[in-house]
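Visitor: what follows is a predicted protein model with its sequence.
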Amino acid sequence: MTTEINKIDAAGDVLAERQGNAGLITLNRPKALNALSLPMVRELLAILRAWQDDPEVRLVAIRGTNKLGRPGTPDSLFGGFCAGGDIRFFHQAALAGDPALDDFFTDEYQLNHLIQTYSKPFIAFMDGVVMGGGMGLSQGARVRIVTERTKMAMPETNIGLFPDVGGGYFLSRCPGHVGEYLALTGEVIGADEAIGYGLADVKLDAGDLPALWAELGTTPWASAAEADQWIASKFIADSARPACETGHIDAFFSLLRVKHIVDALEKARDDRWASRMAGVLRKRSPLMLHVTLEQIRRARSMTLADDLRMERDMVHQCFHLRPGAQSETVEGIRALAVDKDYQPQWKPARIEDVKPGMADAFFISPWAAEAHPLRSL
């Protein structure tokens, strides 16, 4: 089930090793920025379930390899956490009617829930790109470590999707209306903003990560509780979250509808940030902006499990409500990653053309409660 490794050029997209009382996972698909495939998701599920039941594993950590590092050296082991799901696979599977597409999201959301509810301390080394599915792998961690190289985002609206992998849950719990802002725009943030917004816990120098990783494998813990105490003394005590001023964001992203938000941003002509955000939103799928805003606001009062079930319904509708190439998501991936013409043909084409109620169909579950693929969460 797990692969013992001593060097980074070992075979496999997911590498797992036991060092002392630590279970250490390395995402090893650097040429794809460690984007998650269905086999990777399933392997991660198997590894984490096995380690949860293994009394000798008292702490788990995860990192991603870096395609720019020199193989076999510490700088290749960090610097690229995970860019998300394999969107080219989404595109191909949707056009082919491949049931593996549904399997991917069911299994990925189960993995997200497992990490969020893991019974042992879990540390995420969020160095480099941390986007989409990478956020799903890390937001449930006991300690979320960021560095000066961290580039964090939930950029799904850029491909006609919505911030899934529990994004409704963790974004809606950011201060103020930061959740709406990050969800709608897909804006990339760095380490300091991530900590201020409650999406990370501690910032370390990237150069310190190899030594910390090694320390995890050499520190003896008698129990998971003792490992948790070690974490608290090493990280949490010194990581007071800075005050986060969200008033400027809230002034726009607290507004009731997408059209109200965009209108207000466009009217603030002397505000360069507002003008840029208005331009960003005008490029996104108008329909999926409405779906995303509704998602974040519904999720604010949901449990994690209910949010993931809602998102499983939503992602099904993203690919099946309009099948094949008619899907906003398939079209968004085509424009961004397949044809790379960066000219998605959104339907409707303008925010003003989205009629009331058009987003509602995305929140209708295609399954009865007892048949839902995430009913066991």
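Guide: Everything's here; your move. Numbers count the residues shown, from 1 in each chain.
Visitor: I'd like the next helix or strand past the stretch of helix or strand Ala225 belongs to.
Guide: Assigned by DSSP states H and E, Ala225 falls within helix 224-234. Downstream of helix 224-234, the next assigned helix or strand under DSSP H and E is helix 247-253.
Visitor: give me the contact list for that following helix.
Guide: For helix 247-253, the external contacting residues (C-beta atoms under 8 Å, 6 or more residues apart in numbering) are 176-178, 180-181, 184, 261, 264-265, 268, 273-274, 277. Placement of C-beta: from N, CA and C, glycine included.
Visitor: now stretch 317-325
Guide: 90, 94-95, 97, 101, 160-162, 288, 327-331, 334, 361-364, 366.
Visitor: now that stretch: average pLDDT?
Guide: Across stretch 317-325, pLDDT averages out at 92.
Visitor: pull the distance from it to the chain's centre.
Guide: 22 Å (C-alpha atoms, centre = their mean, to the nearest Å).
Visitor: picking that back up, just the buried members of the contacts of stretch 317-325?
Guide: 90, 94-95, 101, 160-162, 288, 327-331, 334, 362 (16 or more other C-beta atoms under 10 Å).
Visitor: list just the nearest of those residues to Pro344.
Guide: Glu331 (5.4 Å; C-beta to C-beta).
Visitor: next one: phi and psi at the closest one?
Guide: phi -70, psi -40 (degrees, to the nearest 10).
Visitor: quick check: it vs Leu27, distance?
Guide: 29 Å (C-beta to C-beta, to the nearest Å).
Visitor: over to Gln110?
Guide: 18 Å.
Visitor: more neighbours, these two?
Guide: Leu27 (24 against 20; other C-beta atoms under 10 Å).
Visitor: and that one, how far from Leu77?
Guide: Distance, Leu27 to Leu77, by C-beta to C-beta: 11 Å.
Visitor: re the thing from before, which among the contacts of helix 247-253 end up buried?
Guide: Applying 16+ other C-beta under 10 Å to the contacts of helix 247-253 flags 176-178, 180-181, 184, 261, 264-265, 268, 274, 277 as buried.
Visitor: local confidence estimate at Arg7?
Guide: Quick fix: residue 7 is Lys, not Arg. For Lys7, pLDDT reads 41.
Visitor: the one 4 residues further on now?
Guide: At Ala11, the pLDDT value in this model is 65.
Visitor: before we move on, what about Arg70?
Guide: Reported pLDDT for Arg70: 49.
Visitor: one more: the one 4 residues further on?
Guide: On the pLDDT scale, Pro74 is placed at 53.
Visitor: then the one 10 residues further on?
Guide: In this model, Gly84 is scored at 90, pLDDT.
Visitor: contacts only, for it.
Guide: Counted by C-beta under 8 Å, 6+ apart, Gly84 has contacts 35-36, 131-134, 155.
Visitor: from the residues you listed, which ones fall inside helices?
Guide: Assigned to helices by DSSP state H, the following of the contacts of Gly84 qualify: 133-134.
Visitor: re the thing from before, joint contacts of Leu27 and Leu77?
Guide: 63, 65.
Visitor: who's in contact with Glu352?
Guide: Lys259.
Visitor: wait, a helix at it?
Guide: Yes. With DSSP: H, G, I helix; E, B strand; the rest coil as the criterion, Glu352 is part of a helix.
Visitor: ok, it to Lys203 distance?
Guide: Distance from Glu352 to Lys203, by C-beta to C-beta: 41 Å.
Visitor: picking that back up, and the buried ones among the contacts of stretch 317-325, which of them are in helices?
Guide: 90, 94-95, 101, 288, 328-331.
Visitor: looking at these, which one is closest to His316?
Guide: Checking these one by one against His316 (C-beta to C-beta), the nearest turns out to be Leu101, at 9.5 Å.
Visitor: so that closest one touches His91, yeah?
Guide: No. Here Leu101 lies out of contact with His91, judged by C-beta atoms under 8 Å, at a distance of 9.7 Å.
Visitor: so Tyr109 versus Gln343, what's the distance?
Guide: Tyr109 is 31 Å from Gln343, by C-beta to C-beta.
Visitor: cool, and Leu77?
Guide: 38 Å.
Visitor: looking at those two, which is more packed in?
Guide: Leu77 (23 against 8).
Visitor: coming back round to it: for the buried ones among the contacts of helix 247-253, which one is nearest Thr246?
Guide: Among these, and counting by C-beta to C-beta, the member closest to Thr246 is Gly176, at 3.3 Å.
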